[in-house]
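A.B. asks: Coordinates for the following, if possible.
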Amino acid sequence: MRPSEAIKGLIAVNTGILSHEGSIYPRKGSSLPVFAYVIIHEKHIVLFDAGLSPLLAANPQKYLGRILDSTFPFRTKREWTLAEQLPGIDRTMVDTIILSHRHLDHAGGVVDFNATVYIGAEEMKTHITLLGSLKGIKTQDLPKGTKLRHPNFSKIRLPWDVASSFDLFDDESIILVKTPGHTEGSLACFLNTSPPILLAGDAFYTGPSSSRGDLLSILYYFKKHGHIFMAHDYPDVNLPWVQVIDPAGLQIIQKPKDFDPLVSE
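C.D. replies: I've put the predicted structure just below:
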């Protein structure tokens, strides 16, 4: 598969803070960012995940309840939400959203956008709310023009072995990969750039599953040939066309000179 020229830029936006007092993260009491990604396609503005919700920012007690200060505190502010941090991009320009899964820290921000939303069909089979497994965002919180779509997976010839994939725009630029494990319907997003990029969501924060072979195959390939960006780890700052925005306003980890997200480098 030859690299596509359709992808013109990638922006990582930190929409808040996720912290834990237990042992899930390497250091007790550590905090991690909650990233969403903006993909600049020559014909589309695409989001991979939408980050923490403005509804959560406005009323964390309502949406998190007892979880707020115990197991998994999320912290966000209105100005940290994805819609408030799109550099040079109006939110009305966003036409496509890919949700890796429907947990609140990945799907909450969709309430700010009127777009076509792709989500794994398996994510809709449980009885938790549509966009978050906690008290979550409900369908009535979505803009009326939101269109929910499920990828029609098939076998696509990729540089590594994976069972199920979906060519988003039929141009081999953005390919969704089925990576169940963290949740039953989890998706990762392959950007056919040079070097290739995998937006993994929480695909690797998971235990053994029927898809483990796929995940290990993907991990092996991208460690040798490309870059993997996770939702809760800082992206590789050595990739010069990825702009990373810190919501606290203290630091822009990397900002290429004269960066214009709508113009190819």
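
A.B. asks: could you pull out the strands for this structure?
C.D. replies: Per DSSP state E, the chain carries strands over the ranges 7-19, 31-41, 45-48, 74-75, 94-98, 116-118, 147-149, 165-167, 174-178, 187-191, 197-201, 227-230, 242-245.

A.B. asks: what distance separates the first one from the centre of its chain?
C.D. replies: I take that to be strand 7-19. How far strand 7-19 lies from its chain's middle: 8 Å, per Cα atoms, centre = their mean, to the nearest Å.

A.B. asks: could you give the mean pLDDT of that strand?
C.D. replies: Mean per-residue pLDDT for strand 7-19: 85.

A.B. asks: Quickly run through the sheet partners of it, with directions.
C.D. replies: Strand pairing for strand 7-19, determined by DSSP bridges: strand 31-41 (antiparallel), strand 74-75 (antiparallel), strand 242-245 (parallel).

A.B. asks: now do the third one
C.D. replies: Neighbouring strands of strand 45-48 in its sheet, by DSSP bridges, are strand 31-41 (antiparallel), strand 94-98 (parallel).

A.B. asks: that older thread, what would the strands of the chain look like in a markdown table with mean neighbour count and distance to residue 215?
C.D. replies: For every residue, glycine as well, the C-beta is placed using N, CA and C. Converted to a markdown table, these look like this (neighbours: other Cβ atoms under 10 Å; distance: least, Cβ to Cβ, whole Å):
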| stretch | mean neighbour count | distance to residue 215 |
| --- | --- | --- |
| strand 7-19 | 22 | 21 |
| strand 31-41 | 23 | 19 |
| strand 45-48 | 26 | 17 |
| strand 74-75 | 20 | 26 |
| strand 94-98 | 22 | 18 |
| strand 116-118 | 19 | 20 |
| strand 147-149 | 14 | 24 |
| strand 165-167 | 19 | 14 |
| strand 174-178 | 24 | 10 |
| strand 187-191 | 27 | 9 |
| strand 197-201 | 26 | 9 |
| strand 227-230 | 20 | 11 |
| strand 242-245 | 22 | 23 |
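
A.B. asks: I'd like those strands as a markdown table, with distance to residue 1 appended.
C.D. replies: A markdown table is the format used below for the strands of the chain (distance: least, Cβ to Cβ, whole Å):
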| stretch | distance to residue 1 |
| --- | --- |
| strand 7-19 | 13 |
| strand 31-41 | 17 |
| strand 45-48 | 19 |
| strand 74-75 | 37 |
| strand 94-98 | 19 |
| strand 116-118 | 21 |
| strand 147-149 | 24 |
| strand 165-167 | 10 |
| strand 174-178 | 9 |
| strand 187-191 | 10 |
| strand 197-201 | 14 |
| strand 227-230 | 17 |
| strand 242-245 | 21 |
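
A.B. asks: Nearest to residue 86, out of the ones you listed?
C.D. replies: strand 31-41 (6.6 Å; Cβ to Cβ).

A.B. asks: Compute the inter-axis angle for that closest one and strand 197-201.
C.D. replies: Here strand 31-41 runs at an angle of 130 degrees relative to strand 197-201 (axes from the mean of the first three to the mean of the last three Cα atoms, to 10 degrees).

A.B. asks: State the mean pLDDT of strand 31-41.
C.D. replies: 87.
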